[in-house]
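Q: would you be able to build a 3D model of this:
(5 chains)
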Amino acid sequence: MDPSSVVPNFVPQIITNFYPLAIIIAILTAAIGLSGVIIERDDFQKILIIQIVTYAMLIIVAAVGTDLAEALILPGLVVSLAEILAVTEVLIFREYIKRGISYPRLKEYKPIDMEVLKTAIPMTSLLCVVYGTILTGFTGGAVAGAGILIYLFIGEPKGLSHDFWEEMSGVSGLAWCLWLLGFLLYFLNPRLWLVALFMSGGGIIVKVALKFGLLGILNREEFNK
Amino acid sequence: MISATGTLPLISFYLGLTLLLIGGLGVVFGPKTSTEPIVRIINLTVPSTGVALIFLSYNYTLAMLTFLSVNPILYIIMIRAIIRLEEMGGSIS
Amino acid sequence: MNEITNLSGPIIGHIPFIDIVLYISPFSLALVAVIAAFTAFLALSKPELRSVTRFGEDVVRTTTVERKEARFRRFMTILCGIALTGVVTTGDLFNFALFVSLTGITNMGIFAGVKDAHVLDATFHYGLVLMICSLPLFGGVAMILANTGTLSMGVLANIHTNPILNMSRTLLLIGAIGEGALAPFFATKVEMIRAKGAPYINMMHLSSLMVFTRVIEVLLILG
Amino acid sequence: MAIEFVYAAAILMIVGALGGVLQTRPIDKFLMLAVLGDGLISIVATFGYLDVAMASSFMTFVGIIIMMIGLIRVLEIRKMRGELG
Amino acid sequence: MIGRILNSLAEPRVVPKIFAFAIAIVLVFSLPLPFHLNPEQVYPKPAPQLQMELAKKNIDISYNLAPYNRGGLPVDPDNRGIVKSQYKSPYEGWITAYLTPFSQWMRDVSYHLGTTIVAHPGGILDEILYYTRGLDTILESSILFTAFTIASWVILNRTRKMTGE
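A: Predicted structure coming up:
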């Protein structure tokens, strides 16, 4: 196996040719999104439009075309997710404060009755969780978290009370500690890199998946009252 | 080797850029978006597919996997906000 | 193994995390001292209770701050102090952007629990600015990376400037202004400062001051 | 052989994108989005990354289901509010 | 006149618009600049789809890691993967070549599972995200943690109490 054919010393020609076009389209997209932010009057819809701006940012980062760029995409993605989460909560709270508590109470919701929800959802969520466990790391956490989320969101979990999930969030805090410990071990003594790697990979999957699952249980209580 | 290596990423790259532009225009200026936030969310899937295609053309498959699996979580957050706001009575200015 | 030796001033020491290098110069040492002192002061102080009088009423009310809320805000303040320490000492450009983002989101967290429509309105718009400004921050950093091929400030200090670098530096400046809640036209900040529970909201002033100082230093280093 | 398949997928995706943006009724939009997602899956499969194709087929399904349930809830709430006042 | 402008600036809802406008101006005026990519980057990667084509033609089993094959032999510190990092470290390239038994089995079975193998412990991205640029990952996760804390605190202590649950 010739090493030079595996990893080149310079960025290949095709990626260099891609770069100007990608940047120009990203700038145009960003300009469209920003003009939408300027025009739009509704507060919530501004959040949706800003997603376009975030996509433009992802394209600008991705256009670099190295392994480093791929490693930099993941933090950008996570930052945008985190900000939209916090901002949406603040928006909902603000609307409650503004309109007061005495909005007209609506009747109880009917549970949604669709065939696909009963048959396909448990299988899909199980597959997502299994595949996410194989992946580990942040990617696996996101996949498994999406699986848990869709099950809690739609299915009818039996035997999982709210307290159980509160305890589970405590477990996620412990997992975070485990993950940090793995990192420190890695830096302090790189000879133990295997243990450190497994600690960090396992810790972050538990943390991310359980956090998303907590989000799911909050959603379920509000949807299917 | 030459043909496939050359053309496959090219097709996916140009297609992704096109989808990104179409989707951006659709999200911002598309029909009925200003009154119905859920239509805007549905339109958001078009540029996100474009971004996924661009990741694919650079062979960032892991980033693409993460991006695709973060998307449903994002939709859940947004739709929860929409339903809460609808309960309180419509749009906000 | 090459090391950072000169970044527009003498360097006392550096802490390498392989590619990410934290460094300490006399300048950043002073800033770190200020941040540590301020954060410790805020974390140890009790929340203030403010008296409110209203026109047409003969009553002076004392507002109260719940214990839970005070604890939450204290946690956010400490986190913001840690993030600011990182902003001041980091020697890697992308890391700098991430630290600035962390500062922004903790700033938002300090105000997220206030039960006041004006403050929440201002907080929400500040959050929108945070989301918009992730484009200039990360985009500017990525453009610098594409143009020079490195993210380390020690290498970037020796590279000559060109129009694209200038443009990405402008983007970086706008991004840092937005995320750090910087002064000139931040009416939002004035609204947010009307929140009760005074000592913690002072963290916002400190964070905007530090982020501004640091971003100017970074721009000077890049030039 | 494989190249022609790519062109078919590309046409599928363009049709799905244009239809998804230009349709106005949400249910029609969902159909067009399904076309778009199928194009994405087939183009990933042409690239040769079958695991990513599998995961993306899960994820597009999950996203469409979530949006559908949101739509049903929103319509329900509007109907109830119409009854109330 | 000036007073009116300043007053309109003092409203919080104007601030995001001003920022959006400023960024849009900078971006649009930079459109005619000659954007080009400097080919001397750290951590370069091979041309898209090259490794997949090689995997289809070659009998060499290590190309079944496509597109994340970065050289080196598994579990062999003397034969490391190729990593071109900024500052050299004595332990670089150790994880890149590492494969767990499960991922070895996956590599032997098929050449379509490269992404799953790399997302499993080991691989170039773990090397970058967990070793050479580890602080990035810590920060990213802390940002997510902070946002979750804010959101769940607001939900549990504010929004729920207001709806009377």
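Q: element containing the spatially closest residue to residue E:139 that is not a sequence neighbour, please.
A: The shortest distance from residue E:139 to any non-neighbouring residue, by C-beta to C-beta, 6 or more residues apart in numbering or on different chains, is to residue C:98 (4.3 Å). All C-beta atoms are positioned from the backbone trio N, CA, C, and that covers glycine. Using DSSP states H and E, residue C:98 maps to helix C:93-111.
Q: quick revisit: wait, what's in contact with the residue nearest to residue E:139?
A: Taking C-beta atoms under 8 Å, 6 or more residues apart in numbering or on different chains, we find residue C:98 in contact with A:75, A:79, E:136, E:139-140, E:143.
Q: top of these by number of neighbours, please.
A: The most neighbours of any of the contacts of residue C:98, using other C-beta atoms under 10 Å in any protein chain shown, belong to residue A:79, which has 28 neighbours.
Q: so which elements touch the helix or strand where it lies?
A: Here residue A:79 is covered by helix A:67-99, with elements defined by DSSP H and E. With contacts defined as 3 or more C-beta pairs under 8 Å, 6 or more residues apart in numbering or on different chains; DSSP states H and E, the secondary structure elements packing on helix A:67-99 are helix A:43-62, helix B:61-89, helix C:93-111, helix C:117-148, helix E:124-126, helix E:134-154.
Q: lowest average pLDDT across these?
A: Taking each of these in turn, the one with the lowest mean pLDDT is helix E:124-126, at a mean of 83.
Q: any idea how far that one is from the chain center?
A: Computed by C-alpha atoms, centre = their mean, to the nearest Å, the chain-centroid distance of helix E:124-126 equals 10 Å.
Q: now the angle from the helix or strand containing residue D:53 to helix B:61-89?
A: Using DSSP H and E, residue D:53 falls within helix D:50-84. When axes from the mean of the first three to the mean of the last three C-alpha atoms, to 10 degrees is applied, the directions of helix D:50-84 and helix B:61-89 differ by 0 degrees.
Q: helices or strands next to helix D:50-84 in the packing?
A: Packing contacts for helix D:50-84, counted by 3+ C-beta pairs under 8 Å, 6+ apart, involve helix A:115-135, helix A:137-154, helix B:37-57, helix B:61-89, helix D:26-47, helix E:114-119.
Q: where does pLDDT dip in chain D?
A: Counting by pLDDT under 70, chain D has low-confidence residues at D:1-3, D:84-85.
Q: quick test: name the residue nearest the centre of it.
A: residue D:33 (2.4 Å; C-alpha atoms, centre = their mean).
Q: isn't it right up against residue B:45?
A: Yes: if you go by C-beta atoms under 8 Å, residue D:33 and residue B:45 touch, sitting 5.5 Å apart.
Q: measure residue A:149 to residue A:127 for me?
A: Applying C-beta to C-beta, to the nearest Å, the value for residue A:149 to residue A:127 is 14 Å.
Q: cool, and residue D:14?
A: Using C-beta to C-beta, one obtains 30 Å as the distance from residue D:14 to residue A:127.
Q: and the residue nearest to residue E:139, how close does it get to residue A:72?
A: For residue C:98, the distance to residue A:72 under the criterion C-beta to C-beta works out to 10 Å.
Q: quick check: neighbours shared by the two?
A: In the contact map built from C-beta under 8 Å, 6+ apart, the residues linked to both residue C:98 and residue A:72 are residue E:136.
Q: so what does residue A:9 have for phi and psi?
A: phi -80, psi -30 (degrees, to the nearest 10).
Q: meant to ask about residue C:16
A: Per degrees, to the nearest 10, the backbone of residue C:16 is at phi -90, psi 130.
Q: next one: it from chain A, what distance?
A: As judged by C-beta to the nearest C-beta, to the nearest Å, residue C:16 and chain A stand 10 Å apart.
Q: show me what contacts residue A:194?
A: Applying C-beta under 8 Å, 6+ apart, the residues contacting residue A:194 are residue E:98.
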